[in-house]
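Trainee: coords please:
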Amino acid sequence: NDKILFNKKNVEKLIKQIYINQSILASNLDDEIKIRLKNNILFHGVRGTGKNTIIDIIKDEINIPYADVKLSTDLSIVARNIVEQLLKRSNNEEEANNGIVYLRDNFDEIIDVFDGQEEKAYTVVDYLMKIGKITLNNNNIDFSKLTFVVLFDSFDYNVPFDEIMDTMAVTGCDTEISTK
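Mentor: Got it, this is the predicted structure:
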């Protein structure tokens, strides 16, 4: 009987932000504008406050295709896993391209990628968005259109604003929501 401590208002904020992203993606706006308006979300809180449980509950409650992935040392495996899960949970390519990707475990890490001539540092989300489109079974999934929700364990509730901003920059997120 684990006690889950979280603020219901912040869970509602998380769900609301996901729906805002979905309404932006469903609008008639130009693709570049849609991508600029949509937010990737940093969902953070002290270990044991129910972040994973909240995600487990809402991912099936909201009727949006999703991929739920953990970090692997090979990001091409992560990317393929995302595409396979989105296609499995959607009716068509368009639905899959408006999906949500829940990233668990160490997605705040900086990775070094050899880019033909030099090594470049990327956040995992930036790297996944840089991939662009992946084709699988004649379906094109555009990573820049997906909404990423990054779960992040903070060590206490009084995380300094600077640290949250640094983590958001590192994870490529625009919106932060706490379990506090």
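
Trainee: beta partners for the residue nearest to Glu119 when sequence neighbours are not counted?
Mentor: Nearest in space to Glu119, with sequence neighbours left out and distances taken as CB to CB, 6 or more residues apart in numbering, is Asp112 at 5.0 Å. All C-beta spots, glycine's among them, are computed from the backbone N, C-alpha and C. Beta-bridge pairing for Asp112 (DSSP bridges): Ala121.

Trainee: Give me the neighbour count for Asp60.
Mentor: Around Asp60 there are 10 other residues, counting by other CB atoms under 10 Å.

Trainee: Pull out the buried residues from the helix or strand hosting it.
Mentor: Assessed by DSSP states H and E, Asp60 sits inside helix 51-61. Neighbour-count burial for helix 51-61 flags Lys51, Asn52, Ile54, Ile55, Ile58, Lys59 (criterion: 16 or more other CB atoms under 10 Å).

Trainee: can you list the residues you listed in TSV and add distance to Leu29?
Mentor: Shown next, in TSV, are the buried residues of helix 51-61 (distance: CB to CB, whole Å):
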residue	distance to Leu29
Lys51	31
Asn52	33
Ile54	30
Ile55	28
Ile58	26
Lys59	26
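
Trainee: Any chance of those residues in TSV with distance to Gly45 and pLDDT as columns?
Mentor: TSV is the format used below for the buried residues of helix 51-61 (distance: CB to CB, whole Å; pLDDT from 0 to 100):
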residue	distance to Gly45	pLDDT
Lys51	6	82
Asn52	10	84
Ile54	9	84
Ile55	12	86
Ile58	15	84
Lys59	17	84
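
Trainee: ok, Ser27 - contacts?
Mentor: Contacts for Ser27 (CB atoms under 8 Å, 6 or more residues apart in numbering) come out as Lys34.

Trainee: For it, give me phi and psi.
Mentor: phi -80, psi 170 (degrees, to the nearest 10).

Trainee: The closest residue in space to Asn10 that isn't next to it in sequence bridge partners, please.
Mentor: Computed as CB to CB, 6+ apart, the closest residue to Asn10 that is not its neighbour in sequence is Ile177, at 5.3 Å. With beta bridges defined as DSSP bridges, Ile177 has these partners: Phe43.
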